[in-house]
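Colleague: Got a predicted structure here, sequence first:
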Amino acid sequence: MDMLTNFIMSTGFVDITWQNIVMILFGCLFIYLAITKGYEPLLLLPIGFGLIVGNIPMPPGMGSSEEGSFFYTIYQGVSQGIYPPLIFLGVGAMTDFSSMLSNPKLVLLGAAAQFGIFLTLIGALFLGFTPLQAGAIGIIGGADGPTAIFLASKLAPELLGSIAIAAYSYMSLVPVIQPPIMRLLTTKEERQIRMVVARQVSKKEKIIFPIVAFLICTLIAPGSMVLIGCLFFGNILKESLVTERLANTARNAMIDILTILLGFSVGAHTLAENFLTWQSIGIFVMGATAFACATAAGVLFAKLMNVICKTKINPLVGAAGVSAVPNSARVVNKVGLEADPGNYLLMHAMAPNVAGVVGSAIAAGVLLTVLLP
């Protein structure tokens, strides 16, 4: 009977709390959205299952916060900022900057969309977050999960779980959040603007660009060197055409493995006692504000460019300035087709979209340089 009693007392049914149950339900919701709705399944499914796993009461020595455990070990790639730069390397190996190089002025839309990051930083300071925490929360507006995780691991590791979940949640909800903002800020006539077909970009330009862009970006914001360096290293592997095996490994096998490890470990490390707090709710609210402001800033800046420039830009393209690649560009194309079934904006939207990836990394570098003592 003593053995039976000890066994029963050691089961998870005894120690599980209502907070654990809520987090498990959150995990199930993420899995539902990934499978049924198709919202970023490569991210939400590992995170969702990780939430379930991490909130089951663990035996001693197996908990995600206990040094030496499996979950603690794989989480070191997140907490030490290792996974995000390697994911950037894979992203660089699959990114084509041709659309941006063919119409360089669209880079400004990617830069304008980063306005939401700094506006939210100010808002978070007013809500009582520390400068370091505010900087980590603001980067959610870039809709770039790896960048958000990288910056949070450096500035506010105590908020890493909440920021990671918020960032990936808003990345997956791009098709839900962005369209209403885009329609609100544009007229039907503006949404029907047809843009000029982009010019052809040479191989030489594609090879020179990552080298020159790396030098410029890192000289402006040295703190972005790790992310920007990995991004453009991956890109030159792709564009050189002499390292196809390396580029193929980076954009397929490596990024898939890293996505599994990052998503699963972040979910498993997001414990109920740390996540179900008023502070986490504030992070979600501020993250939504950052994302909405970034989208609005891109659209409004495109409208401003139309006042200055002779060649008109469809303002919808500005919404792709957030770095949710390629979801934001697809959303822009979809909303544009609703206004004009023959107006395909996807390739135009990819320019600010990939510029947004670079912009969010530079913004993170600026915040690291300014905020870290």
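Modeller: Thanks, I have it.

Colleague: contacting residues around residue 315?
Modeller: For residue 315, the contacting residues are 182, 185-186, 190-191, 193, 299-300, 302-303, 306, by Cβ atoms under 8 Å, 6 or more residues apart in numbering. Any C-beta I mention is one placed from the backbone N, CA and C, and that applies to glycine too.

Colleague: and those, which of them are in helices?
Modeller: Among the contacts of residue 315, DSSP state H puts 182, 185, 190-191, 299-300, 302-303, 306 in helices.

Colleague: Which pLDDT value belongs to residue 147?
Modeller: With respect to pLDDT, residue 147 has a value of 89.

Colleague: any idea how far the residue most central in space within the chain lies from residue 236?
Modeller: The chain has residue 144 as the residue nearest its centroid, 1.7 Å off, counting by Cα atoms, centre = their mean. According to Cβ to Cβ, to the nearest Å, residue 144 stands 21 Å off from residue 236.

Colleague: Skipping adjacent residues, who's closest to residue 227 in space?
Modeller: residue 361 (4.1 Å; Cβ to Cβ, 6 or more residues apart in numbering).

Colleague: The one you found - how many residues pack around it?
Modeller: Counted with other Cβ atoms under 10 Å, the burial measure for residue 361 works out to 33 neighbours.

Colleague: for it, what are its contacts?
Modeller: If a contact means Cβ under 8 Å, 6+ apart, then residue 361 has 88, 144, 147, 217, 224, 227-228, 231 as its contacts.

Colleague: cool, residue 91 as well?
Modeller: By Cβ under 8 Å, 6+ apart, the contact list for residue 91 reads 146, 231, 234, 251, 255, 325, 357.

Colleague: Restricted to buried residues, select the contacts of residue 315 in PyMOL.
Modeller: Paste this into PyMOL to select the buried members of these, with burial taken from 16 or more other Cβ atoms under 10 Å:
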select buried, resi 182+185+186+190+191+193+299+300+302+306
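
Colleague: Let's have the contacts of residue 315 in TSV, adding pLDDT.
Modeller: Formatted as TSV, the contacts of residue 315 follow (pLDDT from 0 to 100):
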residue	pLDDT
182	93
185	93
186	92
190	91
191	91
193	90
299	93
300	93
302	92
303	93
306	90
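
Colleague: follow-up on the earlier one: with distance to residue 16 and secondary structure as new columns, can the contacts of residue 361 be given to me in a markdown table?
Modeller: Putting those into a markdown table (distance: Cβ to Cβ, whole Å; DSSP: H, G, I helix; E, B strand; the rest coil) gives the following:
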| residue | distance to residue 16 | secondary structure |
| --- | --- | --- |
| 88 | 38 | helix |
| 144 | 35 | coil |
| 147 | 35 | helix |
| 217 | 48 | helix |
| 224 | 43 | helix |
| 227 | 39 | helix |
| 228 | 44 | helix |
| 231 | 42 | helix |
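
Colleague: Phi first, then psi, for residue 56.
Modeller: Main-chain dihedrals, residue 56, degrees, to the nearest 10: phi -90, psi 130.

Colleague: confidence score at it?
Modeller: With respect to pLDDT, residue 56 has a value of 86.

Colleague: Could you check how far stretch 357-370 is from the centre of its chain?
Modeller: Between the mean C-alpha location of stretch 357-370 and the chain-wide mean there is a distance of 13 Å, by Cα atoms, centre = their mean, to the nearest Å.

Colleague: ugh, typo on my part, it should be stretch 324-341
Modeller: Distance, stretch centre to chain centre, for stretch 324-341: 18 Å (Cα atoms, centre = their mean).

Colleague: what do you get for stretch 362-371?
Modeller: With Cα atoms, centre = their mean, you get 16 Å for stretch 362-371.

Colleague: what do you get for stretch 68-78?
Modeller: With Cα atoms, centre = their mean, you get 22 Å for stretch 68-78.

Colleague: Same check on stretch 192-209?
Modeller: The answer for stretch 192-209 is 25 Å, by Cα atoms, centre = their mean.

Colleague: what sits up against it?
Modeller: Residues from elsewhere that reach stretch 192-209 (Cβ under 8 Å, 6+ apart): 97-99, 101-103, 235-236, 239-241, 311-315, 317, 339-340, 343, 345, 347-348, 351.

Colleague: Go again with 10 Å.
Modeller: Residues from elsewhere that reach stretch 192-209 (Cβ atoms under 10 Å, 6 or more residues apart in numbering): 96-103, 106, 186, 212, 232, 235-236, 238-241, 302, 306, 311-317, 336, 339-340, 342-345, 347-351.

Colleague: Just the endpoints, please. Distance across that stretch?
Modeller: Distance across stretch 192-209, first residue to last, is 32 Å (Cα to Cα, to the nearest Å).

Colleague: Same question for stretch 190-200.
Modeller: Taking Cα to Cα, stretch 190-200 runs 26 Å from one end to the other.

Colleague: Repeat that for stretch 315-323.
Modeller: End-to-end distance for stretch 315-323: 17 Å, by Cα to Cα.

Colleague: what distance separates that stretch from the centre of its chain?
Modeller: From the chain centre to the centre of stretch 315-323 is a distance of 15 Å (Cα atoms, centre = their mean).

Colleague: Can you report the mean pLDDT over the residues of it?
Modeller: Across stretch 315-323, pLDDT averages out at 88.

Colleague: ok, back up a step: and of the contacts of residue 315, the nearest to residue 32?
Modeller: Closest approach between those and residue 32, by Cβ to Cβ: residue 182, at 26.3 Å.

Colleague: these two touch, right, the closest one and residue 349?
Modeller: No: applying Cβ atoms under 10 Å as the test, residue 182 and residue 349 come out as separate, 11.2 Å apart.

Colleague: Now do the shared contacts for those two.
Modeller: 316-320, 331-332, 336.

Colleague: In ChimeraX, how would I select the buried members of those?
Modeller: What follows is the ChimeraX syntax selecting those of the shared contacts of residue 182 and residue 349 that are buried according to 16+ other Cβ under 10 Å:
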select :316,317,318,319,320,331,332,336
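
Colleague: Fine by me, thanks again.
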